[in-house]
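K.L.:
Structural data only, the sequence is not supplied:
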């Protein structure tokens, strides 16, 4: 039994002329002008993360877009230089792709993160499969941002603040955790 089956995951996107269900993979927009970096994939991935940490200011969707939940395309986040967790994660995903990091090394995740008081809250972040051992590490620009080198990071399995991935996607496939797919807010996400 596959706990993380391939699924089409659609997000309800608000536009000026109405609301649309868009595949979460459509947020990967490689053909845009992004900052470019040199080095190995791990070095470029860390530089992309640092760039987002240092150039994007965290702002809630309600403050920035007047919606409780609004997923900005990467060009919007670049233009505004503001966004919440998924906006920065989507931008980081796109920076990595533009820097020719293989698509299969990067996953955009939606799941839970642990608050300092121990409660959990919904969050979006990146998992990156590092070159040395192909183990996934968490790259988060806003909740628990870190400048630690990729090779020195805990694996995603060892990381205790990020857990319960609801779904993840790369540019080719989206994967859903059966346990969480049934409880995802249907007014925002549609899983087929």
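P.N.:
Sure thing, it's come through. What you see is a predicted model; the values in this text were computed from it and never measured.
K.L.:
just for this structure, where's the confidence low?
P.N.:
By pLDDT under 70, the low-scoring segments of the chain are 1-5, 178, 181-192.
K.L.:
Please give the number of neighbouring residues around residue 36.
P.N.:
12 (other CB atoms under 10 Å). From N, CA and C alone the C-beta is placed, and that goes for glycine too.
K.L.:
show me where this structure has strands.
P.N.:
6-7, 9-15, 18-23, 57-58, 82-83, 106-114, 120-129, 136-139, 162-169, 174-176, 189-191 (DSSP state E).
K.L.:
distance between the third one and the chain's centre?
P.N.:
In terms of CA atoms, centre = their mean, to the nearest Å, the gap separating the centre of strand 18-23 from the centre of its chain is 19 Å.
K.L.:
Could you tell me the angle between it and strand 9-15?
P.N.:
Angle of strand 18-23 versus strand 9-15, following axes from the mean of the first three to the mean of the last three CA atoms, to 10 degrees, is 150 degrees.
K.L.:
and strand 18-23 with strand 162-169, angle?
P.N.:
With the same axes, to 10 degrees as the basis, strand 18-23 and strand 162-169 are set at 100 degrees to each other.
K.L.:
who does strand 18-23 pair up with?
P.N.:
Using DSSP bridges, the strands paired with strand 18-23 are strand 9-15 (antiparallel).
K.L.:
Give me the phi and psi angles of residue 117.
P.N.:
When read as degrees, to the nearest 10, the backbone of residue 117 gives phi -90, psi 0.
K.L.:
residues near it, how many?
P.N.:
Residue 117, neighbours per other CB under 10 Å, totals 5.
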